[in-house]
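J.: after the sequence you'll find the predicted model.
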Amino acid sequence: MPIAKISPSMLSSDFANLAAEAKRMTKNGADWLHLDVMDGHFVPNLTLGAPIIQAIRPHTEAYFDCHMMVSNPSQWVDDIAKAGGQMYTFHIEATKEPLALIQQIHDAGMQAGVAIKPGTSTDSVIGAVAEQADMILVMTVEPGFGGQRFMAQCMPKVKQLRELYPNLDIEVDGGLAMETIDVSAEAGANVIVAGTGIFKAEDPAKVISIFRNKVNEAQKQWLN
Ligand code: DX5
Ligand code: ZN
């Protein structure tokens, strides 16, 4: 049974204090840290890249969940691996050769995640891609910015993937908060990314622990 992994998105952190923010999140119970890499081309925004990830690396033992919103995902595999990235999640919309890219990521010593935007069908990942990937990320907002509204219409995609792949890590990203965790957990997501929902919460530890309990409770329905 896939267990809950809570992955606060550093996009909502105080960028002037990244090391302290990373530590604050692990202290609050985060398992992973979600690092949003944007190239201003695949999405209309710029954030951080390998040098910043490398700078945060010595300050935390958290698992680095790198979400690559970039037009040429194969270009950054080595840099992110050297910087200490552990999950390299690329967008299926950005590559014609997902299987070769998954292999490249594995060869670089990282796990491979595959992300689909809200308008992208699960058909693009069902089969060999989902079988070789370590995680599928079902975006619940259009990638590019934090603080957007959760798109509940993406939940059937999560449910379909969970039914097909009971052991796969399935991540949701965008608009996750107290109001949207229940439908996400019920649909079968076990990796929960939240920027605003955790960083701006009055008590992030409480939010993280509630997310974890709800996910682990919901995952029991797929036990046979
Ligand atoms: C958006 C990023 C998200 C973002 C989520 O493109 O992929 O990781 O930080 O932010 P919230 O949780 O505020 O919607
Ligand atoms: Zn993200």
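T.: Now that the structure is in, tell me what you want to look at. Ligands and ions are numbered 1, 2, ... in the order given.
J.: and the pLDDT at the residue nearest to Thr122 when sequence neighbours are not counted?
T.: The shortest distance from Thr122 to any non-neighbouring residue, by Cβ to Cβ, 6 or more residues apart in numbering, is to Lys157 (5.0 Å). All C-beta atoms are positioned from the backbone trio N, CA, C, and that covers glycine. pLDDT, Lys157: 98.
J.: assumed Lys157 was part of a helix.
T.: Yes. Under DSSP: H, G, I helix; E, B strand; the rest coil, Lys157 sits within a helix.
J.: how about the residue of the chain found nearest ligand 2, secondary structure?
T.: Taking Cβ to the ion, ligand 2 has its nearest neighbour within the chain at His67, 3.7 Å off. Secondary structure assignment for His67 (three-state DSSP): strand.
J.: the residue nearest to Thr122 and Val125 touch, don't they?
T.: No. Applying Cβ atoms under 8 Å as the test, Lys157 and Val125 come out as separate, 9.5 Å apart.
J.: any idea which helix or strand comes after whichever helix or strand Val77 is part of?
T.: In the assignment (DSSP states H and E), Val77 maps to helix 77-83. Using DSSP H and E, the helix or strand that follows helix 77-83 towards the C-terminus is strand 87-91.
J.: the helix or strand following that following strand: which residues count as buried?
T.: Past strand 87-91, further along toward the C-terminus, the next helix or strand under DSSP H and E is helix 98-107. Going by neighbour count (16 or more other Cβ atoms under 10 Å), the buried part of helix 98-107 is 98, 101-102, 104-106.
J.: again with stretch 119-133
T.: For stretch 119-133, by 16+ other Cβ under 10 Å, it's 120, 122, 125, 129-130, 133.
J.: what's the spacing between the residue of the chain closest to ligand 2 and Leu35?
T.: 7 Å (Cβ to Cβ, to the nearest Å).
J.: what do you get for Asn216?
T.: Distance from Asn216 to Leu35, by Cβ to Cβ: 24 Å.
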